[in-house]
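How does the following fold in three dimensions:
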Amino acid sequence: MRYPEPDPARLRKSGILEIGEGDLVIGMEEKPAVPRSNWCCPPFYVYSKADAAKVSLALAEGCGADAPGSFIAWLCSRSPVHAMLMPGSRYDIGDLDSYKSVCRTYRGVTR
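A predicted model of the protein is given here:
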């Protein structure tokens, strides 16, 4: 998925996507100092069976294992990966303060 994020500070704390025609991911970078786009990538992924089978190869080739977006960043240079626009809004819980903020403001799923 992808989500438009206008805040540069929040972009530097997210996985950032570069998107081409047909929602094709042409690049991804985790927490870049200088984001190349305003498309952040919340960690919601759906893998084909064939792509999921590439995890061992990715790790053997040095793909990072600490951030969920590391595999997607590796995969998008080897297989077509698409990112649909995420509807609604999102919360990014990256530290205790952001967690407490979400606890104060989140009211459940609304339509």
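
name the helices or strands packed onto whichever strand or helix holds residue 70?
For residue 70, the host element (DSSP states H and E) is helix 69-75. Judged by 3 or more C-beta pairs under 8 Å, 6 or more residues apart in numbering; DSSP states H and E, helix 69-75 is in contact with strand 15-19, strand 25-30, helix 55-60. All C-beta atoms are positioned from the backbone trio N, CA, C, and that covers glycine.

now do 6 Å
strand 25-30 (3 or more C-beta pairs under 6 Å, 6 or more residues apart in numbering; DSSP states H and E).

Show me the beta-bridge partners of the nearest residue to residue 29 once chain neighbours are set aside.
Using C-beta to C-beta, 6 or more residues apart in numbering and skipping residues adjacent in sequence, the residue nearest residue 29 is residue 16, 5.3 Å away. Listed beta-bridge partners, residue 16: residue 29, residue 40 (assigned using DSSP bridges).

neighbours of residue 29, just the number please.
Neighbourhood size, residue 29 [other C-beta atoms under 10 Å]: 18.

That one and residue 97: what is the separation?
Applying C-beta to C-beta, to the nearest Å, the value for residue 29 to residue 97 is 25 Å.

same thing with residue 76?
32 Å.

what stretches of this structure score poorly on pLDDT?
Within the chain, the ranges that satisfy pLDDT under 70 run 110-111.

Point to the residue nearest the middle of it.
residue 41 (2.5 Å; C-alpha atoms, centre = their mean).

What residues does it make contact with?
Counting by C-beta atoms under 6 Å, 6 or more residues apart in numbering, residue 41 touches 2, 15, 17, 69.

does the residue nearest to residue 29 really touch residue 33, like I thought?
No - using C-beta atoms under 6 Å, residue 16 makes no contact with residue 33, being 10.8 Å away.

Please say which of the two ends up with more neighbours.
The residue with more neighbours, out of residue 16 and residue 33, is residue 16; 24 against 6, by other C-beta under 10 Å.

residues contacting that one?
Shown in contact with residue 16 (C-beta under 6 Å, 6+ apart): 29, 32, 35, 37.

In strands, which of those fall?
residue 29 (DSSP state E).

which of the contacts of residue 16 count as buried?
Among the contacts of residue 16, those classed as buried by 16 or more other C-beta atoms under 10 Å are 29, 35, 37.

Having no further points to raise, I will conclude here.
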